[in-house]
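# sequence plus predicted model, see below.
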Amino acid sequence: MLRAIVFMAGANLDAQDFVLQHFSVAARIYGDGQPVDFSDTWGDLVNTLKWSTLTTAGSLRFQLIGRGRYSLHLTALRAGGAVALPVIHGIAGQALTLPIGDVLQIAVRAQGDLRVMGCTLLGAQPAQVADLAICIPAYGAGRGLATKLEVIVDYMCRFPLGRFCRVIVVDQGLSEGICPFEGLQVIRQPNLGGAGGFARALSASQGASHCLFTDDDAGISAEALHRTHAFLSLATGADIAVAGAMTTRQRPDRIWENGAVFDRFCNGLFRDVARDDVDALAELERQTAQSAWQRQSALYGGWWFFAFARAHVRVWPFPYFLRGDDIGFSLANRFRIATLNGVHAAQDDFALKEGPQSLFYDLRGHLVHHMVFAQLALGRFAVGWIGALFVLRSLARFRYDEAEALLIAWRDVIAGPRRFALAPDAQPQRARIAALPRGAAHDLPAGGRSQRMPLWYWMATINGQLLPGGRGIAHLPALRRRDMAAIWGARAIAIEGEPVAARDRRRFFPLFLQFVAVWLLFILRFKHLVRAYRAAYPQLTTQQAWEGYASTVKP
């Protein structure tokens, strides 16, 4: 059975029709009374609230492409419950007007034999189609770049809007070449991480009206590209951006994040919503359609899939190398962020990527964000506690290499913004972290972890390291490596696919004393650091600054 997107080329449409989304119908012949098969619960919803308030799409219309008659059954998914709307009868090829003001679930039934080739949502033509630059920084093996480019080429060749897009790949050390195609531009530069790769692509995208930032390992669909492209072409303001949701390859049936708020830490929204849970998805769509939700001062979009108008960009990425660049970019440019049903990118769960290097980047961003952005402003002790939680968590998990990497990050921040400007590739720090001893556990304890002492004891003693305590070993699957509740009272921690980490007070105490010293220094210098970062941030986040970074880093 073919589940396909059927395009408007060859269909007999009015010149004013513009395809907003394609539905995931099974293309075949249906008998009298038989329901048409829709396969994507989330992607096949119609959020008339977003299309009517954020775009100039105007009247929304449903069209079935094929031959025969059918009945269109609409369900308004409202906060008080689902409401069945009056049935609409139609003929294939005819555009049926949909009511505005609800999140709609659509069902179709054949009236007699019905040949279905596809179904689309239509709106008014845009004044001008967005000229979209798809920007992808890549390094090493490309982590799925070839597959991603195949999807993009499919979009460019088969979708009408595809001819209004180009692809910019920033090669920062790919181990293999890229098969060329029309519309592809490959730019080579030293490895400046995600921040530098996207900044270089942003510079090269001059002439395009919009950019889509997307990681090389983020799996996307041609339909996600189309919906985003159509939405931006009709957007009512240059401040409107589209943040794609994230799903994980480990749990593709659930949403990992649909937008996020940075409040002391990264807080993904609508986490763990099942993609076939109609009630939860309807609530998600209703909330994200509200202007107040889209304008939250700490709302941001991850660069696995983030599309925006170039004209609205005033502040370029900060030279973090990795992590934090997408958060700062959203907060600094004050986008009005929209999410679209069915638009998501697939990546590996972040828990699987966590390690000394990633935590190093994470902590730098967390500390700098709170010192730079007024909407995140906190006192010295509150910001210091954020850093402390990073370090103490790693110490409690006996990951002494992580704790040491975090202290390197904290010292970077204390050194001031000039440290970031002089080493935008973070090469000296990355080399130091790569050389840190991981440590191997010997003489592993038998049995399970101790349950005899209360939780506060294990937290206060950093899992039995400041005072005696702890026994046995805690076993965790890889996806639960961040689960602190599962490790308290253990003397060793075994995470699937990783070397066993065991308590080692000879490593713990020197690191703990260093942590106390770094924390005190940060507290004492906090006001000075806030002034320094706020003064330097505008100079470090310009196109000219990035041209300078690229020229100072060795290939």
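Perfect, I can see it now.

# mind listing what Met156 touches?
Met156 makes contacts with Gly162, Arg163, Cys165, Val167, Gly183, as judged by Cβ atoms under 8 Å, 6 or more residues apart in numbering. The C-beta positions use only the backbone N, C-alpha and C, and glycine is treated the same way.

# okay, the residues you listed in TSV with pLDDT, neighbour count and distance to Pro454 next?
Formatted as TSV, these follow (pLDDT from 0 to 100; neighbours: other Cβ atoms under 10 Å; distance: Cβ to Cβ, whole Å):
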residue	pLDDT	neighbour count	distance to Pro454
Gly162	97	20	61
Arg163	96	12	65
Cys165	97	22	58
Val167	98	24	57
Gly183	96	16	62
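
# kindly report the domain assignment for this structure.
The record, using automatic domain parsing to delimit domains, assigns the chain the ranges 2-124, 132-351, 355-540.

# now the terminal residues of the last one, how far apart.
Yep, that's domain 355-540 we're talking about. Domain 355-540 has an end-to-end distance of 27 Å (Cα to Cα, to the nearest Å).

# quick revisit: buried deepest among the domains of the chain, which one?
Among the domains of the chain, the stretch with the highest mean neighbour count (mean count of other Cβ atoms under 10 Å) is domain 132-351, at a mean of 20.

# tell me which entries of the contacts of Met156 lie within strands.
When strands are assigned by DSSP state E, the members of the contacts of Met156 inside them are Cys165, Val167.

# quick one: which two of the contacts of Met156 are the most distant?
The largest separation in the contacts of Met156, counting by Cβ to Cβ, is between Arg163 and Val167 at 12.7 Å.

# how about Gln128, what does it touch?
If you count contacts by Cβ under 8 Å, 6+ apart, Gln128 has them with Ser209, Ser233.

# show me what His89 bridges to in the sheet.
With DSSP bridges applied, the residues forming beta bridges to His89 are Ser71.

# surely it meets Ser71?
Yes - counting by Cβ atoms under 8 Å, His89 sits close enough to Ser71 to count as a contact (5.4 Å).

# mean pLDDT per helix and strand in the protein: which one sits at the bottom?
Least confident helix or strand, the chain: strand 2-3 with a mean of 38, by mean pLDDT, DSSP states H and E.

# related to what we said a few turns ago, got the contacts of Met156 as CSV, with distance to Asp44 columns?
Putting these into CSV (distance: Cβ to Cβ, whole Å) gives the following:
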residue, distance to Asp44
Gly162, 22
Arg163, 26
Cys165, 24
Val167, 28
Gly183, 30
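
# quick one: low-confidence parts of this protein?
1-16, 142, 440-447, 450, 555 (pLDDT under 70).

# kindly list the longest strand within it.
Per DSSP E, the chain has its longest strand at strand 103-124.

# next helix or strand past that strand?
Going down the chain from strand 103-124, the next helix or strand is strand 132-140, by DSSP states H and E.

# ok, then the element right after the least confident helix or strand of the chain?
Using DSSP H and E, the first helix or strand after strand 2-3 is strand 17-22.

# next helix or strand past that next one?
Using DSSP H and E, the helix or strand that follows strand 17-22 in sequence is strand 26-30.

# check which helices and strands that next one sits against.
Under the contact criterion of 3 or more Cβ pairs under 8 Å, 6 or more residues apart in numbering; DSSP states H and E, strand 26-30 touches strand 2-3, strand 103-124.

# redo that, cut-off 10 Å
strand 2-3, strand 61-78, strand 103-124 (3 or more Cβ pairs under 10 Å, 6 or more residues apart in numbering; DSSP states H and E).

# redo the ones you listed as TSV? Include distance to Arg314.
Putting the helices and strands packed on strand 26-30 into TSV (distance: least, Cβ to Cβ, whole Å) gives the following:
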stretch	distance to Arg314
strand 2-3	43
strand 61-78	37
strand 103-124	30
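
# looking at those strands, spot the one closest to Ala478.
Scanning these with Cβ to Cβ as the criterion, the closest one proves to be strand 2-3, at 31.9 Å.

# the stretch 301-450 of the chain: strands as residue ranges?
For the stretch 301-450 of the chain, strands defined by DSSP state E, counting those that start in this stretch occupy the ranges 306-309, 336-338, 344-347.

# now for His89 and Ser71: what residues contact both?
Taking Cβ atoms under 10 Å, 6 or more residues apart in numbering as the contact criterion, the common neighbours of His89 and Ser71 are Gln111.

# check the gap between the residue lying farthest from the centre of the chain and Ser71 for me.
Among the C-alpha atoms of the chain, the one farthest from their average position, using Cα atoms, centre = their mean, is that of Gly112, at 44.8 Å. From Gly112 across to Ser71, the span is 11 Å (Cβ to Cβ, to the nearest Å).

# and what of Asn191?
Asn191 sits at a distance of 57 Å from Ser71 (criterion: Cβ to Cβ).

# repeat for Ser205
46 Å.

# now Leu269
Here the criterion is Cβ to Cβ. By it, Leu269 lies 36 Å from Ser71.

# helix or strand next in line after whichever helix in the chain runs longest, which one?
Longest among the helix segments of the chain by residue count, using DSSP state H, is helix 505-540. If you walk from helix 505-540 toward the C-terminus, the next helix or strand you reach (DSSP H and E) is helix 543-552.

# now the residue lying closest to Arg61 once chain neighbours are set aside, what are its backbone angles?
The spatial neighbour of Arg61 that comes closest, neighbours along the chain excluded (Cβ to Cβ, 6 or more residues apart in numbering), is Ala95 at 3.9 Å. Here is the backbone geometry of Ala95 (degrees, to the nearest 10): phi -90, psi 120.
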